[in-house]
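1. sharing a model prediction with you, sequence too.
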Amino acid sequence: MKLAKRLAIAFLVIYLLPALASAGWWAIKDRPRSWREADWSSAGLLPKPEDENAAAIYIFSAATGGMKGAISSHSWIVTKEKGASSYTRYDKVGWGSPIRRNGYPADAYWYSNTPHLVRVLKGEEAERLIPAVEAAIRSYPYAKPGSYRLYPGPNSNTFVAHVLRSVPAIGAVLPPDAIGRDYLPDGRFFQVDDDGRDMHASLFGLIGLSAGLRSGIELHLLGLVAGLDFVEPGIKIPAVGTLRM
């Protein structure tokens, strides 16, 4: 009984309280009432593609809409070939064609929420990795209509996490509020990244852990992530994000 009580207290302090605090702040925030009222235009974060000759890869994340935005974000991938005059954006969505290509401006607001850059690569490294990124997008196993599930996955974050694990040289891990990122494709319970630097164990994205040079130490519970980041030292707080040291 003592162990059960301690586990319940730990769950309350580590997972539930941050989620409730985030939900309380989100409830009083001025937000659009529907997707029709939301701003989906460019946030002006990226340079004009014709102004930069170098190839580039961008990983974006932004809080999503409705009350789920209190604890969850949406992520997407943007690429630009060397010398290209336009960006190419890839999202996984729950309506229409699941893998959406250029459905929105590359750096658009998501439900009026400002996106932030999770990772950016430019130059020769990006040029070398873009074919691998495109191959990983083509190999995503949940790309057919009807294969999207908001919770616990596979969703938009499952898609981007699949690409990041397939192309670990990008060197990115989605933020702790990217619910669905820990849902492993093809019903797997265990996966090691292609470069062997991160391992993941997950029961359909509901409970699990990740450990390695990129992920640090993470414990996943009901889609919420708590842990420590060692590469860029910080504390991963469920529903909130990473508090940098």
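-> Now that the structure is in, tell me what you want to look at. Numbering: from 1, shown residues only.

2. how much space between residue 93 and residue 104?
-> For residue 93, the distance to residue 104 (C-beta to C-beta, to the nearest Å) stands at 10 Å. In this view, the C-beta of every residue, glycine as well, is placed from N, C-alpha and C.

3. all strands for the protein, in order.
-> In the chain, the segments counted as strands under DSSP state E are 56-63, 73-80, 88-92, 99-101, 116-122, 190-192, 198-202, 207-212, 216-221, 224-229, 234-237, 241-244.

4. scan this protein for its longest helix.
-> Assignment by DSSP state H gives helix 124-138 as the longest helix of the chain.

5. show me what that helix is packed up against.
-> strand 56-63, strand 73-80, helix 156-166 (3 or more C-beta pairs under 8 Å, 6 or more residues apart in numbering; DSSP states H and E).

6. just send the ones you listed back as CSV, with mean neighbour count too.
-> Shown next, in CSV, are the helices and strands packed on helix 124-138 (neighbours: other C-beta atoms under 10 Å):
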stretch, mean neighbour count
strand 56-63, 23
strand 73-80, 26
helix 156-166, 26
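
7. spit out the contact partners of residue 163.
-> The contact partners of residue 163, taken as C-beta atoms under 8 Å, 6 or more residues apart in numbering, are 77, 133, 136, 137, 140, 170.

8. re earlier: mind putting the helices and strands packed on helix 124-138 into CSV with mean pLDDT and distance to residue 29?
-> Output for the helices and strands packed on helix 124-138, formatted as CSV (pLDDT from 0 to 100; distance: least, C-beta to C-beta, whole Å):
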stretch, mean pLDDT, distance to residue 29
strand 56-63, 97, 10
strand 73-80, 97, 15
helix 156-166, 96, 21
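
9. those: which one's closest to residue 122?
-> Closest of those to residue 122 is strand 56-63, at 4.8 Å (criterion: C-beta to C-beta).

10. need the contact partners of the closest one.
-> In contact with strand 56-63 (C-beta under 8 Å, 6+ apart) are residues 46, 69, 72-80, 106-107, 109-111, 113-122, 126, 129-130, 133, 160, 164, 170, 172, 174-175, 177-178.

11. of these, grab the buried ones for PyMOL.
-> To isolate the buried ones among the contacts of strand 56-63 in PyMOL, judged by 16 or more other C-beta atoms under 10 Å, type:
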select buried, resi 46+69+72+73+74+75+76+77+78+79+80+106+107+109+110+111+113+115+118+119+121+126+129+130+133+160+164+170+172+174+175+177+178
